[in-house]
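Undergrad: this is the structure alone, sequence omitted:
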């Protein structure tokens, strides 16, 4: 059983730079190589995704894929909080603190996306590091720029065409 552990400032900095600089095939068949690189563990594997334990227990990470290729790697950075005012304040503070750490090691963000689930992005030539604050945790992604562009188009479409 993996010991659950929120990353320290030093671990956050290392994780962010390792994700940004990741040299990996992006083939879902090669997820075991990714797991070995980061010390993570697969919990459940399916043809287009793999649920991970990245240090905060089963389901604390995921590799998303399409047609055999990985498009996003995610890892939760915080334990879950209660969906109340105190939990929201804790997440807001933690998100800001993590943003500061990542800005120190990755440079100034290339985008800040406000909203219900705010994001801070550090774009690279082919992939983008994304920090997201959800209602219950803070998550770090490494996503292909093509997938991120498609996600952004979907969000804009939904804004223009509410149900």
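TA: Received, thanks. These numbers come from a predicted model, not from an experiment.
Undergrad: so residue 115, which of the three states?
TA: With DSSP: H, G, I helix; E, B strand; the rest coil as the basis, residue 115 sits in coil.
Undergrad: okay, now it: neighbour count?
TA: Neighbour count for residue 115, taken as other C-beta atoms under 10 Å: 9. Just so you know, the C-beta spots here come from the backbone N, C-alpha and C atoms, and that holds for glycine as well.
Undergrad: check residue 117 too.
TA: Around residue 117 sit 11 other residues, with neighbours defined as other C-beta under 10 Å.
Undergrad: got a list of what it touches?
TA: 132-135 (C-beta atoms under 8 Å, 6 or more residues apart in numbering).
Undergrad: again with residue 80
TA: The contact partners of residue 80, by C-beta under 8 Å, 6+ apart, come to 136-137.
Undergrad: A helix includes it, no?
TA: No: counting by three-state DSSP, residue 80 is not part of a helix but coil.
Undergrad: per-residue pLDDT, it?
TA: Reported pLDDT at residue 80 in the predicted model: 93.
Undergrad: so what's the backbone phi/psi at it?
TA: phi -70, psi 140 (degrees, to the nearest 10).
Undergrad: same thing with residue 88?
TA: The phi/psi pair for residue 88 (degrees, to the nearest 10) is phi -60, psi -40.
Undergrad: the strands in this structure, which residues?
TA: Counting by DSSP state E, the chain has strands at residues 41-46, 49-53, 58-66, 69-76, 111-113, 119-123, 127-133, 138-144.
Undergrad: can you list the strands that the fifth one pairs with?
TA: When pairs are called by DSSP bridges, strand 111-113 turns out to pair with strand 119-123 (antiparallel).
Undergrad: list the contacts for residue 51?
TA: By C-beta under 8 Å, 6+ apart, the contact set of residue 51 is 42-45, 58-59, 61-62.
Undergrad: neighbour-wise, give me the winner out of the residues you listed.
TA: Among the contacts of residue 51, the one with the most neighbours (other C-beta under 10 Å) is residue 61, at 26 neighbours.
Undergrad: so what pLDDT did it get?
TA: 97.
Undergrad: again with residue 4
TA: pLDDT, read off for residue 4, is 62.
Undergrad: try residue 153
TA: For residue 153, pLDDT reads 92.
Undergrad: could the contacts of residue 117 go into TSV alongside neighbour count?
TA: Shown next, in TSV, are the contacts of residue 117 (neighbours: other C-beta atoms under 10 Å):
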residue	neighbour count
132	19
133	23
134	16
135	13
